[in-house]
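Asker: Here is my input, please return the structure:
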Amino acid sequence: MAEPHRFHLHLTVQRASRSSLQPSEGQIRQWLRHALRRSAMITVRLVDRPEGRSLNQTFRHKDYPTNVLTFPYPDENPRASTRLHGDLVLCAPVIKAEARLQHKPLLNHYAHLLIHGMLHLQGYDHENETEATLMETLEIDLLTQLSIPNPYLDCPAHG
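Answerer: Modelled structure (predicted):
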């Protein structure tokens, strides 16, 4: 696997949530770069429940706010481009509630969901058991390298 820090990350962070205790831009950058396997242009938007619910309804046809939504943007010429382009939308109040419910440090949960979203942007998925095992194993490995415990231990099913 390539060294993640050799890739360029152009990051924009948008804060549209009033929720307290959000990660800093530096933390977001660190976590995304750690999961990065090619250069990328990423926007991370932190939202509250109404926007999270609206986006989840519009794009996934699910009428509730979810923790993270991933929006990859296809390149005009994917064969010529090595840059990844996409948005990650995180619903701060949902993440805060999940962390509390799962007895996890809030910033560890943010790190996990940002890495999870970054892997989705790079083509990983969890639609079947094989893909889910591969993606979860990679997430656990990346988080362990950051001294963050396995997020799937004693954790309710995700999806």
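Asker: Can you tell me the closest non-neighbouring residue to residue 91?
Answerer: Among residues not flanking residue 91 along the chain, residue 52 sits closest, at 3.3 Å (CB to CB, 6 or more residues apart in numbering). The way it works is simple: take the backbone N, C-alpha and C, and place the C-beta from them, glycine included.
Asker: three-state assignment of residue 96?
Answerer: Secondary structure state of residue 96, per DSSP: H, G, I helix; E, B strand; the rest coil, is helix.
Asker: can you give me the helices for the chain?
Answerer: Taking DSSP state H, the helices of the chain run over residues 25-35, 49-60, 92-101, 106-121, 129-145.
Asker: So for residue 7, which of those sits nearest?
Answerer: When those are ranked by proximity to residue 7, the top entry is helix 25-35, at 7.5 Å, counting by CB to CB.
Asker: Mind listing what's buried along that closest one?
Answerer: 28-29, 31-35 (16 or more other CB atoms under 10 Å).
Asker: Which of those sits closest to residue 108?
Answerer: Nearest to residue 108 among the buried residues of helix 25-35, with distances taken as CB to CB, is residue 31, at 10.2 Å.
Asker: Now for the closest one: which residues touch it?
Answerer: For residue 31, the contacting residues are 23, 110-111, 114-115, 118, 146, by CB atoms under 8 Å, 6 or more residues apart in numbering.
Asker: Neighbour-wise, which one of those leads?
Answerer: residue 118 (29 neighbours; other CB atoms under 10 Å).
Asker: Grab the nearest non-local neighbour of that residue.
Answerer: In space, residue 118 is closest to residue 35, 4.1 Å off (CB to CB, 6+ apart).
Asker: Relative to residue 18, how far out is that neighbour?
Answerer: 27 Å (CB to CB, to the nearest Å).
Asker: Would you agree residue 84 is in contact with residue 35?
Answerer: No. Using CB atoms under 8 Å, residue 84 makes no contact with residue 35, being 10.9 Å away.
Asker: which residues are common contacts for these two?
Answerer: residue 122.
Asker: how about low-confidence regions in the protein?
Answerer: 1-5, 75-82, 154-159 (pLDDT under 70).
Asker: try 50
Answerer: 1-2, 4, 79-80, 158-159 (pLDDT under 50).
Asker: I'd assumed residue 112 was in contact with residue 34.
Answerer: No. If you go by CB under 8 Å, residue 34 and residue 112 don't touch, sitting 11.4 Å apart.
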